[in-house]
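J.: Take a look and give me a structure for this.
(chains A and B)
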2 protein chains.
Amino acid sequence: MYILDKFFNPKSIAIIGASRDPEKIGHVLLNNLLTSKYSGKIYPVNPNAKLIKSLRCYPSIEEANKANKEPIDLVVISIPTEPSIKATESCGKLKIKNVLSITAGFSEIGNHDAEKRLKQIINKYKMNFIGPNCLGIIDAFSKLDLIFLPEIRLKRPERGGISFICQSGAIGSATLDLLSSQGLGFSKFITYGNATTINETHLLEYLGNDKNTDVICMYIEGVREGRRFIDIAKRVSLKKPIIALKGGLTESGAHATLSHTGSLAGSAEVYKGAFKQAKVIRAETLHDLYDFAKILEKSPKPKGRRVQVITNGGGFGILCVDGIDKNNLKTNMPSVATQNILKKKLPRECIVHNPIDLTGGATAEQYDLALKHCLDDKNSDILLVVLLLQTPLLDLKVIDMIKKYNDKHQKPIVVIMTGGNFTETQKHRLESGGVPCYTYPSDATKSIGAFCDYYNV
Amino acid sequence: MYILDKFFNPKSIAIIGASRDPEKIGHVLLNNLLTSKYSGKIYPVNPNAKLIKSLRCYPSIEEANKANKEPIDLVVISIPTEPSIKATESCGKLKIKNVLSITAGFSEIGNHDAEKRLKQIINKYKMNFIGPNCLGIIDAFSKLDLIFLPEIRLKRPERGGISFICQSGAIGSATLDLLSSQGLGFSKFITYGNATTINETHLLEYLGNDKNTDVICMYIEGVREGRRFIDIAKRVSLKKPIIALKGGLTESGAHATLSHTGSLAGSAEVYKGAFKQAKVIRAETLHDLYDFAKILEKSPKPKGRRVQVITNGGGFGILCVDGIDKNNLKTNMPSVATQNILKKKLPRECIVHNPIDLTGGATAEQYDLALKHCLDDKNSDILLVVLLLQTPLLDLKVIDMIKKYNDKHQKPIVVIMTGGNFTETQKHRLESGGVPCYTYPSDATKSIGAFCDYYNV
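T.: Residues are numbered from 1 along each chain as shown, chains lettered A, B, ... in the order given. Okay, the predicted model is just below:
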């Protein structure tokens, strides 16, 4: 097992290839590290510069290491292929144990010889090596930002419980940008490129023990040590959910992975079987990956699969029920007591079945009433609340109300909000308050299904 | 066949129930009509007001009609149930032919008697009657806004080729809000509530002949005249695509439609069969409905099902290929000539297969090169371009470039852009320039599949 903690909590970092040129990756890396408020020591390494971003620059990793007095905790390499191999060897000689390599030009372009030589060095010096050909890593807790894309184009996440292991840098970065904009919080974000030594299984094991990680998301193209992956995943999934999207599940897709990360994709059936055995939740699309992560991060374990729908739009209620049926969830009726009290207190046009339809005239008070009684009702295990804010009578205090109920109660509350900017703003508020929110009934119900499956209810 | 044109291009409109109270539906309706810059005559009707919003108010529909000298083109009714029935009869007596009724309290709450009496009046006077219990209508071309939700909570759409027939007001309004915010354009938006006389089939027939409508979207819970619906849909779908989402397709969902619009939902198999027979494209989710509409509105007929992927993210390329496979599309290789020229002109790390992977270092010039040669390449029928803007080297001129190619070429171009605000802004630009854009490979490829199916290629 690799000890990976120094990648996320290093006391000292050297960047080989740090640059004064804002167009260079080595510049963006250093800049992001500085912006991220990483509090440890930073050693830019570049023989052609004295100062970069007001930091003293070292001509070689040897000089930098000497200045640090003890072996530098983490070295980031961002220089061309051949020099990067030499730099890795230099690190090994200096007893530097942890290297993150951004450098490309290895097996992903058919340069297997370079990758083989790199691997020999890594093994010889028993180093922990992430990459090469990766995008970098982020830890939102330790405030470490080591990815080489600028913040103006890629929004950084808030702290949260989701960690993401991603073989593809592009999927990682686009995801991070998309989800950070939607207000989702992350713990660790790790791309690992060619996985010359450290691969998805090592990272999975590490995150399994990481106290800041509640849910593990993975995008993988191939698994290198199938048997070990299943064993580790089995163990980790007892502690926290693992959701995985496998790229290259179709025949043509599998063929394409070969030229991307050189992964042998394996057949769809093998992967589906392995995931099932290891209790890995399979995402069919990127959608699923994020949608499932949200509810698994935010919501407490449900007692069963019975979903009570509360809506202010009849059509949405019906699409929810369709989704509930499709995902093997149940729509029991509210208890007679709940029905009676709601029928008495709600206006005549409201329908107290499942769904409870508060109709377009719904007010925050009516939602309050329905929520209160349904949360206490033993006939449901999960509440699915459709909240359409287009109707002017619905006061926005309904948002805080739902947040409060969600904080207090053990029955999971999931919310569907569909609309434009007005709606999106309120949805962010609700979501950052800990309530999983979805735009579409189909996504919400599919996610509730995966959520219940994970908890085996 | 009902003549429905006066609903969308009336020279005169009376609003029975117009109100000075900003909380009342009758106020919001009038206000929206004024804001929408409708240029015809407006007659507010309310016995208790002299002026509303600086317009002269009439004590009765009789007085309003007298002032108009000829029967008013369109009367909108927004008063309680029983008075609304009387008002409908008054309209009949005055030879007013077109009535839109917002009023609720009919069969949707079990008040079948009221609905029956309403229907008798409508039939007696041979009126065109939309509603009751509907949200209203919008025509983005004639600038007619007759829905009762305020613009601050529900963004109005730009002009476009999509028309939406929606039995559920909530689904209609949330959709309109969501898609208008995403920059999609609409032609007509019609909710029809209980469909006492005018139903989905009449509206479908009307939109089939509407020159401002290129694509028809429908949300339906039940079809009243099954045989006629199939006949009309068959005819219309020869001229333009019809995409339909059926609410209540599952057993529990079907049960729920009964209390919503009183629709007999019918079994899933019957609907699937009918849609197939009528060449109606079936949307499985709201997602599908909008996603399919976009490409069918914007893109020219493809010659076949061969999709060339161009990407700057390898993982995205693989997910695209997976989606292409799943949707029975094809990934042929580019021609040898294209491969040779691109291999010569692109940097070494680029992969010229299908996908063409320009890698994270992709520039606008490389996209230009790939696009130009693939558009002319006879080995593909559609281009699927993944454009990840997180990488700083990718100049934003790539957006205008794609727009220009899309304008000039007959080969459809579909774009996938995934990311936060920076990406979303550019995506809107591209989409309003006529290029269908998606966030996820799965959505893009499913939409391309539906698109090719419609054109039978």
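
J.: Please make it C-alpha for all contacts and neighbour counts, starting now.
T.: Noted.

J.: Would you pull up the residue in the stretch 51-200 of chain A closest to chain B?
T.: With CA to the nearest CA, the shortest gap between the stretch 51-200 of chain A and chain B falls at A:Leu178, namely 4.0 Å.

J.: and that residue, how many neighbours does it have?
T.: 24 (other CA atoms under 10 Å in any protein chain shown).

J.: Verify the contact between it and B:Met417 for me.
T.: No - here A:Leu178 lies out of contact with B:Met417, judged by CA atoms under 8 Å, at a distance of 10.0 Å.

J.: which regions of the stretch 201-350 of chain A lie under the pLDDT threshold?
T.: Applying pLDDT under 70 to the stretch 201-350 of chain A flags the ranges A:258-266.

J.: For it, what lies in contact range of chain B?
T.: Residues of the stretch 201-350 of chain A lying close to chain B by CA under 8 Å from any CA of the partner chain are A:247-254, A:256-257, A:259-260, A:285-287, A:312-322, A:325-326, A:331, A:349.

J.: For the longest strand that chain A contains, which outside residues touch it?
T.: Assignment by DSSP state E gives strand A:158-166 as the longest strand of chain A. The contact list for strand A:158-166 (CA atoms under 8 Å, 6 or more residues apart in numbering or on different chains) reads A:140-141, A:172, A:180, A:183-192, A:200, A:203-204, A:207, A:212-220, A:293, A:297.

J.: Name the strands paired with that strand and say parallel or antiparallel.
T.: Sheet neighbours of strand A:158-166, with direction, are listed as strand A:185-191 (parallel), strand A:215-220 (parallel) (DSSP bridges).

J.: just those: most buried one?
T.: Among the strands paired with strand A:158-166, ranked by average contacts under mean count of other CA atoms under 10 Å in any protein chain shown, first place goes to strand A:185-191 (a mean of 26).

J.: Tell me how far it lies from the chain's centre.
T.: 6 Å (CA atoms, centre = their mean, to the nearest Å).

J.: now do stretch A:431-438
T.: 15 Å.

J.: circling back: just the C-alpha atoms of the longest strand of chain A, please, in PDB.
T.: The C-alpha atoms that make up strand A:158-166 are tabulated as PDB, following Å, rounded to 0.1, in the frame of the first residue of the first chain:
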ATOM      1  CA  GLU A 158     -15.900  24.600  -2.000                       C
ATOM      2  CA  ARG A 159     -15.100  22.000   0.700                       C
ATOM      3  CA  GLY A 160     -17.400  19.000   0.700                       C
ATOM      4  CA  GLY A 161     -17.600  15.300   1.100                       C
ATOM      5  CA  ILE A 162     -17.200  14.100  -2.500                       C
ATOM      6  CA  SER A 163     -13.800  12.900  -3.800                       C
ATOM      7  CA  PHE A 164     -13.200  12.300  -7.400                       C
ATOM      8  CA  ILE A 165     -10.600   9.900  -8.900                       C
ATOM      9  CA  CYS A 166     -10.400  10.500 -12.600                       C
END
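
J.: what's the offset of it from the middle of its chain?
T.: 4 Å.

J.: what element comes up after it heading to the C-terminus?
T.: helix A:169-181 (DSSP states H and E).

J.: of all the residues in the stretch 1-150 of chain A, which ones are close to chain B?
T.: Residues of the stretch 1-150 of chain A that fall close to chain B, judged by CA under 8 Å from any CA: A:Glu23, A:Gly105, A:Ile109, A:Leu149, A:Pro150.

J.: I'd like to know which of those are buried.
T.: The neighbour-count test (16 or more other CA atoms under 10 Å in any protein chain shown) marks A:Gly105, A:Ile109, A:Leu149, A:Pro150 as buried among the residues of the stretch 1-150 of chain A next to chain B.

J.: And the furthest pair within those residues?
T.: In these, two members sit farther apart than any others by CA to CA. They are A:Ile109 and A:Pro150, at 25.3 Å.

J.: if I look at the closest residue to A:Lys41 other than its chain neighbours, how far off is B:Val435?
T.: Nearest residue to A:Lys41 in three dimensions, chain neighbours excluded: A:Ser12, at 4.5 Å (CA to CA, 6 or more residues apart in numbering or on different chains). According to CA to CA, to the nearest Å, A:Ser12 and B:Val435 sit 48 Å apart.

J.: between the two, which one's more packed in?
T.: Using other CA under 10 Å as the criterion, A:Ser12 and B:Val435 rank with B:Val435 on top: 26 against 20.

J.: which secondary structure element contains the more buried one?
T.: According to DSSP H and E, B:Val435 maps onto no helix or strand at all.

J.: on that earlier part again, which ones are touching the residue of the stretch 51-200 of chain A closest to chain B?
T.: A:Leu178 makes contact with A:Lys155, B:Thr418, B:Gly419, B:Gly420, B:Asn421, according to CA under 8 Å, 6+ apart.

J.: Now do the SS call for the second one.
T.: Okay, so that is B:Thr418. Three-state assignment for B:Thr418 (DSSP: H, G, I helix; E, B strand; the rest coil): coil.

J.: Number of residues surrounding it?
T.: Other residues within reach of B:Thr418, judged by other CA under 10 Å, total 29.

J.: just the last one next, same as before
T.: Using other CA under 10 Å, B:Asn421 is surrounded by 18 other residues.

J.: Would you mind listing what in the stretch 351-457 of chain A touches chain B?
T.: A:351, A:354-355, A:360, A:388-393, A:418-423, A:440, A:442.

J.: In strands, which of the residues you listed appear?
T.: A:Ile351.

J.: Return the list of strands paired to the strand or helix carrying A:Ile138, each annotated with direction.
T.: Take DSSP H and E as the rule and A:Ile138 turns out to sit in strand A:136-139. Counting by DSSP bridges, the strands paired with strand A:136-139 are strand A:144-147 (antiparallel), strand A:185-191 (antiparallel).

J.: so A:Ala64 makes contact with A:Arg56?
T.: No - using CA under 8 Å, A:Ala64 makes no contact with A:Arg56, being 9.8 Å away.

J.: okay, and the common contacts of those two?
T.: Common neighbours of A:Ala64 and A:Arg56 (criterion: CA under 8 Å, 6+ apart): A:Tyr43, A:Pro44.

J.: okay, the two: which has more neighbours?
T.: Between A:Ala64 and A:Arg56, counting by other CA under 10 Å, A:Ala64 is the more crowded of the two (23 against 14).

J.: Could you pull up the residues touching that one?
T.: So A:Ala64 contacts A:Ala14, A:Tyr43, A:Pro44, A:Val45, A:Tyr58 (CA under 8 Å, 6+ apart).

J.: Quick one: classify it as helix, strand or coil.
T.: Applying three-state DSSP: A:Ala64 is helix.

J.: For it, give its distance to A:Ile16.
T.: Separation of A:Ala64 from A:Ile16 (CA to CA): 10 Å.

J.: Name the residues contacting each of those two.
T.: Common neighbours of A:Ala64 and A:Ile16 (CA under 8 Å, 6+ apart) are A:Pro44, A:Val45.

J.: Not including adjacent chain positions, what is the nearest residue to A:Ala18?
T.: A:Gly26 (4.2 Å).

J.: isn't the one you found right up against A:Asn32?
T.: No - with contact defined as CA under 8 Å, A:Gly26 does not count as touching A:Asn32 (10.1 Å).
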